[in-house]
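Student: Model the following, please.
(chains A and B)
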There are 2 protein chains.
Amino acid sequence: MRRGFIQVYTGNGKGKTTAAIGLAIRAAGAGLRILFVQFVKGMKYNEIDALKRFSDCISVHQYGTGCFIKNKPQDEDIEIARTGLLEVQSELLNGQYDLVILDEANIAIHFGLFKVEELLKVIASRKPECEIVITGRCAPKELIDAADLVTEMKEIKHYYNKGIQARDGIEC
Amino acid sequence: MRRGFIQVYTGNGKGKTTAAIGLAIRAAGAGLRILFVQFVKGMKYNEIDALKRFSDCISVHQYGTGCFIKNKPQDEDIEIARTGLLEVQSELLNGQYDLVILDEANIAIHFGLFKVEELLKVIASRKPECEIVITGRCAPKELIDAADLVTEMKEIKHYYNKGIQARDGIEC
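Tutor: Numbering: from 1, shown residues only, chains lettered A, B, ... in the order given. This next block holds a predicted model:
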């Protein structure tokens, strides 16, 4: 039986969530069953809409208020993230998914919505062949230590620096 | 009118093609028209199969022999890549796509299948609002200079180093 690994995509560059979407699509093409969970963001993105075409094999759940967390998270931010983590645990114990993507889980940890130890405990409850993908800036050291694959998306050049805003269908 | 940028995803880490797939999916969710061109690889990947669900908005073309180029490219490798580049130019002049992805174009340049100056000339023929995404290791300096956004996917940790092979639906 193939062992499922833990993949982490972090760093300040673009492409973390988009790579996670790509991984979900590739796995769907191979007939795998995918759970795509998005923490913190909770907003309606074009990619989430597009994933609906794969509703037979990709389940999408968002656990965020839709409001950007600036400094200190609100009780509601914490509650919704913790609910999400519990539901992920329940799905992992259930064992019906081959690939589980926890988009922006690093950010949820960074803002203290849940702890890295809690996330690692949840991940440990998966069936052995289940692959885990975790994205977001500021991946904690404990997660990097536990991961099998870590990629840093590093910003080399970015037009945001020129003061240009995100565009519909391209960045969001 | 929105100006289309040049995005480059390079580096030795994972996530370049998967991010390109994610960008295509996001753009499809926004109702844009996408051309996804893959150079060099030419093999049948799960993600290419999955993209077929978007055949109403994403066109996929592969220009590779399906054989891995080890040292020196064969005449056939060069011919198929150059045919691809010409067809991309024709599509860009035609102007029907909002997002054009040139997956592994950096590798095509690296192996001398075409020159970076040729690629830049082709890109310059696009309609102003068309976004270009170029992926592959070893992005040449001239392309980085011309790009608006450059992300380096940097390998921090990889289980390939432990001698484990790519798995169907996860890496390929």
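Student: hey, let's count contacts and neighbours off CA atoms from now on
Tutor: Will do.
Student: what residues does stretch A:125-140 touch?
Tutor: With CA atoms under 8 Å, 6 or more residues apart in numbering or on different chains as the test, stretch A:125-140 has contacts from A:1-12, A:16-17, A:20, A:89, A:92-93, A:95, A:97-107, A:109-110, A:116, A:123.
Student: Also near chain B: which of those residues, exactly?
Tutor: Among the contacts of stretch A:125-140, the residues within reach of chain B (CA under 8 Å from any CA of the partner chain) are A:Lys16, A:Thr17, A:Ala20.
Student: least confident pick among these?
Tutor: Comparing pLDDT over these, A:Thr17 scores lowest. The value there is 92.
Student: Return the residues in contact with that one.
Tutor: Residues near A:Thr17 by CA under 8 Å, 6+ apart: A:Asp103, A:Glu104, A:Thr135, A:Gly136, B:Ala19, B:Gly22.
Student: Filter these down to the buried ones.
Tutor: When the contacts of A:Thr17 are checked for burial by 16 or more other CA atoms under 10 Å in any protein chain shown, the buried set is A:Asp103, A:Glu104, A:Thr135, A:Gly136, B:Ala19, B:Gly22.
Student: Report the backbone C-alpha coordinates of the strand or helix carrying A:Glu118 in CSV.
Tutor: Assigned by DSSP states H and E, A:Glu118 falls within helix A:116-124. Provided in CSV are the C-alpha atoms of helix A:116-124 (Å, rounded to 0.1, in the frame of the first residue of the first chain):
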residue,chain,number,x,y,z
VAL,A,116,0.2,23.2,15.0
GLU,A,117,0.2,20.4,17.6
GLU,A,118,-3.6,20.1,17.1
LEU,A,119,-3.2,20.1,13.3
LEU,A,120,-0.5,17.4,13.5
LYS,A,121,-2.7,15.3,15.7
VAL,A,122,-5.6,15.6,13.2
ILE,A,123,-3.4,14.7,10.3
ALA,A,124,-2.1,11.6,12.2
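Student: what lines up beside whichever helix or strand comes after it in the sheet?
Tutor: Helices and strands here follow DSSP H and E; after helix A:116-124, the next one along the chain is strand A:131-135. Strands flanking strand A:131-135 in the sheet, each with its direction: strand A:6-10 (parallel), strand A:99-103 (parallel) (DSSP bridges).
Student: ranking these by burial, who's on top?
Tutor: Ranked by average neighbour count under the criterion mean count of other CA atoms under 10 Å in any protein chain shown, the strands paired with strand A:131-135 are headed by strand A:6-10 at a mean of 27.
Student: for the next helix-or-strand element following that one, the distance to its chain's centre please.
Tutor: The C-terminal neighbour of strand A:6-10 among helices and strands, as given by DSSP H and E, is helix A:16-29. Taking the mean C-alpha point of helix A:16-29 and that of its whole chain, the gap between them comes to 11 Å (CA atoms, centre = their mean, to the nearest Å).
Student: What of stretch A:74-93?
Tutor: Averaged over its C-alpha atoms, stretch A:74-93 has a centre that lies 13 Å from its chain's centre (CA atoms, centre = their mean).
Student: Let's have the ones next to chain B among the contacts of stretch A:125-140 in TSV, adding distance to B:Lys72.
Tutor: TSV is the format used below for these (distance: CA to CA, whole Å):
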residue	distance to B:Lys72
A:Lys16	33
A:Thr17	36
A:Ala20	34
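Student: Same list (the strands paired with strand A:131-135) but as a markdown table, adding mean pLDDT.
Tutor: Rendered in a markdown table, the data for the strands paired with strand A:131-135 read as follows (pLDDT from 0 to 100):
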| stretch | mean pLDDT |
| --- | --- |
| strand A:6-10 | 97 |
| strand A:99-103 | 98 |
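Student: Adding distance to B:Pro128, write those out as CSV.
Tutor: Conversion of these to CSV gives the following (distance: least, CA to CA, whole Å):
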stretch, distance to B:Pro128
strand A:6-10, 32
strand A:99-103, 33
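Student: Just the pLDDT at the nearest residue to A:His61 once chain neighbours are set aside, thanks.
Tutor: In space, and not counting its chain neighbours, A:His61 is closest to A:Val37: 4.9 Å by CA to CA, 6 or more residues apart in numbering or on different chains. Reading off the per-residue confidence, A:Val37 sits at a pLDDT of 96.
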